[in-house]
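>>> how would this look folded up:
(2 chains)
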Amino acid sequence: MPPTGDPLARRYRRLLLAYPPGYRRERGEEIVGLLLDCVPAGRARPTLREAADLVRAGLRCRLGRPVSRTVGVWAVLTALICGLFTGALAARAAWETSRPQPDRAEFAAAFAEAFPGHRLGEDVSTARALFVIYGQPLSRASLRSLLLGDGGEYQEGVAGGSATGPMPASEAQTLATAQQRLRDAGWQVYEPTSEVLQTCADPRCDPASQPVETVLVARRGDTVLRATFDDPRTYSSYLGVELQRAAPPAVLPAAVLAGLVGGALAWLVFAWVSRRTEGRRRAPLLLLGVTLFFWWAPVLLATSSLARHHLDEPHPSWHPLWEWLGQPTLSLFFLLGLASALMLLLTAVTPRRDPRPLTVRLG
Amino acid sequence: MYRSLIYVAGVTQMREPTFLILTALAGGSRHGYGIIQEVTALSAARVTLLPGTLYTALDRLSAQGLVEPDHEEVVDGRLRRYYRLTSTGLDALQSETARLRQLATAAETRLRALHPRTA
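Numbering: from 1, shown residues only, chains lettered A, B, ... in the order given. A predicted model of the protein is given here:
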């Protein structure tokens, strides 16, 4: 056996931790011997290429099924989606470091700062929590709605109100004044976007007569302002304003860290299940396929729709990670995938029937 | 280059490193380091196997029944396990060699026909 005190051998053994324990017991010393045979004299550390090769081969070895050319793809898809889910959970937890959503006084001050001379209506709504469902904080009673179909109602809370009375200046003038005043007050103002609203489905309608919605977005510190200019003939007010918090700085590192840990753990669990179910062909593969379908389908649907939405107007703060994963809007899909994953785990835990049972003849 | 391992009419089409490992073992049983050296020599240093990659390939070839462990020895305190071709491995290597020879012959024939025109 190679001397255990050799620092290079010790470092190689550390890299072999990527392999499953049983394999290390059986082949570890043989591989370390080969690695030491290959190195030129005087080298004290494994090269980066060697390390990457050993880790890659070890992680592949953990999956079992040495002949399979697709097991690695399934493992990557599983680790990735589990990493995204754990990242999203951590992101939600990190949102708790945010200040509460703006109150009425903060909203009124921002409105007056941006739109002097415009009268704010009495009906100013404020959020009772950072995230709300049907305007209420998430509670045990609303958990059922969240999980069983109404998850799309779970959104970031917002303080909102609208201007009332006649418009004191033209829309273009109001917009220019607001941009200037917001910039002067330290807001980062984004280029306004306009969209023609399709209120008439008849092809004979004149496009020039369709109402146009203009959106102005600005951010200062952890607060985002969104002002929407609408045609007062179509809507009750010509100007609606929303104020809400941007994602706090802790969200990104928390999501990345939790995503990496969750992905790594998912790889290990997948590898264990793959080795345990080797030789059992149909049920585990079917359950894995069902799980991945129910977990990935919402991601593909939500990502394409949210990406278009992000391109349509400026977003000083991106939508939360869970919304990109289609959650909790399509939480039913997640739950079905979870049930399938648990059944797969149960299949792995169940002892395999010996195809050649030992029989003893007496007499 | 051999991009995939697929069975076409009973003939195994294999990747180049797999072909080289089987060819290395056709000369007799070898340990890991011996296989790496032989593969490097056979490919004129074009293919250099790293230990992790070699053991991934050996595990796959063992599971396919093409290769099996032969014997072990300890040299300078290092464990060496020798591997050898199985009869199935020998058949697979012969089939692949015949396939490559047939392809090379066909290519040579075409090139000979082309040569007078390009010369």
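
>>> Pretty sure A:L332 sits against A:L146.
No: A:L332 is beyond contact range of A:L146, at 10.9 Å (criterion: CB atoms under 8 Å). For the C-beta atoms, the positions are set from N, CA and C on the backbone; glycine is no exception.

>>> which regions of the stretch 151-300 of chain A sit below the pLDDT cut-off?
For the stretch 151-300 of chain A, the stretches with pLDDT under 70 are A:281.

>>> next one: chain B
Residues of chain B that meet the criterion pLDDT under 70 lie in B:1-13, B:116-119.

>>> which parts of it sit against chain A?
Applying CB under 8 Å from any CB of the partner chain, we find that chain B lies next to chain A at B:4-5, B:31-33, B:36, B:50-56, B:59-60, B:62-64, B:74, B:77-81.

>>> Could you rerun that using 7 Å?
B:32-33, B:36, B:50-53, B:55-56, B:59-60, B:63-64, B:77-81 (CB under 7 Å from any CB of the partner chain).

>>> Weed out the non-buried ones from those residues.
Buried residues within the residues of chain B next to chain A, defined by neighbour count using 16 or more other CB atoms under 10 Å in any protein chain shown: B:32-33, B:36, B:50-53, B:55-56, B:59-60, B:64, B:78-81.

>>> how about those, which pair is most distant?
B:Q64 and B:R78 (27.7 Å; CB to CB).

>>> Okay, buried residues for the top helix by length along chain B please.
Determined from DSSP state H, the single longest helix within chain B is helix B:87-118. Neighbour-count burial for helix B:87-118 flags B:89, B:92-93, B:96, B:99 (criterion: 16+ other CB under 10 Å).

>>> go on, stretch A:77-95?
Neighbour count says stretch A:77-95 has A:77-92, A:94-95 buried, by 16+ other CB under 10 Å.

>>> now do stretch A:226-245
Per 16+ other CB under 10 Å, stretch A:226-245 contains these buried residues: A:226-230, A:235, A:237-245.

>>> do stretch A:22-42 as well
A:23-24, A:27-38.

>>> out of A:L332 and A:L146, which sits in the busier spot?
Set A:L332 next to A:L146 and count neighbours by other CB atoms under 10 Å in any protein chain shown: A:L146 wins out with 18 against 15.

>>> Quick check, that one in contact with A:V132.
No: shown here, A:L146 and A:V132 do not form a contact pair, counting by CB atoms under 7 Å, at 11.1 Å.

>>> Run through who's touching the lengthiest strand in chain A.
Identified as the longest strand of chain A according to DSSP state E is strand A:212-220. For strand A:212-220, the surrounding residues in contact (CB atoms under 7 Å, 6 or more residues apart in numbering or on different chains) are A:171, A:175, A:178-179, A:182, A:186-190, A:192-197, A:224-230, A:246, A:313-314, A:316.

>>> Drop anything exposed from these.
Buried by 16+ other CB under 10 Å: A:171, A:175, A:178-179, A:182, A:187, A:189-190, A:192, A:224-230, A:246, A:313-314, A:316, out of the contacts of strand A:212-220.

>>> Go ahead and measure how far the longest helix of chain B is from the middle of the chain.
Relative to the mean C-alpha coordinate of its chain, helix B:87-118 is positioned 16 Å out (CA atoms, centre = their mean, to the nearest Å).
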